[in-house]
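Enquirer: sharing a model prediction with you, sequence too.
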Amino acid sequence: MKYLLAFSLVLLLTFSLVAQKKKNIDFKKLNGSWISVDDKKYRITIKGSIMQEYYGREKTAVLNFKVNKNMLTAIDNHTGDIFKYEIVILNNHQMSLIYLDRGNTLNFKRK
């Protein structure tokens with residue numbers, strides 16, 4: 001039992017240290033058009049602090065967002081709904097977000 005407790009404590013401290021080492025996201029890399037890897041009809045465009053979602057040719061949402069470290073919080077301009085994402089990967093070619101309410105991962109490639 002002591003070993004299990006010690007192991008759990010070490011594991012918890014390790015995850016805590018990894019979480020603290022996450023660096024701030026380069027906000028400029030978010031800007032542009034992104035296409036879902038899983039559904040080619042779903043895409044988003046980001047410019048400044050505005051994110052627009054599209055499905056096919058139809059605009060489905062316009063959101064204002066802010067980024068704090070690796071967290072992206074978006075508010076739907078029409079409904080007022082709040083969406084929270086963790087930015088897992090962001091570079092010039094790909095972006096992966098974890099939608100925190102459901103836990104699913106959204107993978108995008110730059111258009």
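Expert: Alright, I've got the coordinates.
Enquirer: phi, psi for F27 please.
Expert: Note on F27: backbone dihedrals following degrees, to the nearest 10 are phi -50, psi -30.
Enquirer: and the residue lying closest to it once chain neighbours are set aside, what pLDDT?
Expert: Leaving aside its sequence neighbours, F27 sits nearest to V67 (C-beta to C-beta, 6 or more residues apart in numbering; 5.8 Å). C-beta here means a position set from N, CA and C on the backbone, and glycine is covered the same way. In the predicted model, V67 carries a pLDDT score of 94.
Enquirer: please apply the same query to the one 4 residues further on.
Expert: In this model, M71 is scored at 96, pLDDT.
Enquirer: check contacts around the spatially most central residue of the chain.
Expert: The chain has L97 as the residue nearest its centroid, 3.0 Å off, counting by C-alpha atoms, centre = their mean. L97 makes contact with 72, 85-88, 105-106, 108, according to C-beta atoms under 8 Å, 6 or more residues apart in numbering.
Enquirer: could you redo the last one with a cut-off of 6 Å?
Expert: Applying C-beta atoms under 6 Å, 6 or more residues apart in numbering to L97 gives the contacts 85, 87, 106.
Enquirer: hmm, back to that, what's across from the residue nearest to F27 in the sheet?
Expert: Taking DSSP bridges, one finds L72 as the beta-bridge partners of V67.
Enquirer: thought it was touching I25?
Expert: Yes. Under the criterion of C-beta atoms under 6 Å, V67 makes contact with I25 at 5.5 Å.
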